[in-house]
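> Below are the sequence and a predicted model for it; my questions follow.
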Amino acid sequence: MQGKEARDVLTQAKIHGARWAATAAQRVNRGDAAGALLFLLATTVLSVITVRIMGANASLSFYDLLRLQNGGNLQGSQGTGAGIYALLWLLAVVGPLLPSLLPRRAARLGYFLPIALWGIALAGIVSQVRELTNATRQFAGFMGNSRASRNMAGDMVSSLWSSLSFGFGFYLSLAIAVAFTVRGIAVLRQRA
């Protein structure tokens, strides 16, 4: 008897889920949906930063950077993953769809979620660069804080910066975040 009830519940869930998905597909702005899909691809599949270390290239996606900021490693199954950043990333991907799906005025703020994620990620990167700079200063202090040790620490930081290059995912995701922000401002002004 329980198996039949479980199948009935699943059947009802499929029917209602399909109905909800069809309604959502009709209501969502096609441009917003395309932008959200491109933002999803730009932040997960495409390279944001490539680091050249000892002749080898390591390409990182935006989501990989979020994992690193969370203190995890690049293999989500072995580390802590992106943690709270994963939720923020999901909100940034889905946020621009909210104005089409929800009639509430506050839903229009969903257009600003991708740029907010960019700001949070940028703040995390700046914090990590500061930590690296402080570590090189401590290293210079450990080496006697001589001019040569300070120059060596500075060379380490500059060689790290010169080994970085921005990928297509960086430019695409930032352009989409800015476009959604502009769209959000226009929608807020239009309906104000």
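Yep, that arrived.

> CA atoms for contacts and neighbours, from now on please.
Will do.

> low-confidence ranges in the protein?
Residue ranges of the chain with pLDDT under 70: 1-3, 16-17, 19-25, 72-80, 129, 132, 136-137, 139-161, 191-192.

> show me where it has strands.
Using DSSP state E, the strands of the chain run over 49-53, 56-60, 164-166.

> between those strands, which one is nearest to L101?
Across those, L101 has its closest neighbour in strand 56-60 (32.5 Å, Cα to Cα).

> Going by neighbour count, which residues in the closest one are buried?
By neighbour count on 16 or more other Cα atoms under 10 Å, the buried set for strand 56-60 is S59, L60.

> If I take it and strand 49-53, what angle do their directions form?
Using axes from the mean of the first three to the mean of the last three Cα atoms, to 10 degrees, the direction of strand 56-60 lies 160 degrees away from that of strand 49-53.

> Point out the other helices and strands that strand 56-60 packs with.
strand 49-53 (3 or more Cα pairs under 8 Å, 6 or more residues apart in numbering; DSSP states H and E).

> Neighbouring strands - and their directions - for the strand it packs on?
When pairing is defined by DSSP bridges, strand 49-53 lines up against strand 56-60 (antiparallel), strand 164-166 (antiparallel).

> so how far is I176 from Q128?
Per Cα to Cα, to the nearest Å, Q128 is found 25 Å from I176.

> quick revisit: now the strands paired with strand 49-53 in TSV, with distance to A121?
Converted to TSV, the strands paired with strand 49-53 look like this (distance: least, Cα to Cα, whole Å):
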stretch	distance to A121
strand 56-60	14
strand 164-166	15
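
> who wins for proximity to L97 among the ones you listed?
So among the strands paired with strand 49-53, strand 56-60 is nearest, using Cα to Cα, at 26.4 Å.

> Centre of the chain to the helix ranked longest in the chain, how far?
Longest helix of the chain, by residue count under DSSP state H: helix 113-142. Centre-to-centre, helix 113-142 and its host chain are 16 Å apart (Cα atoms, centre = their mean, to the nearest Å).
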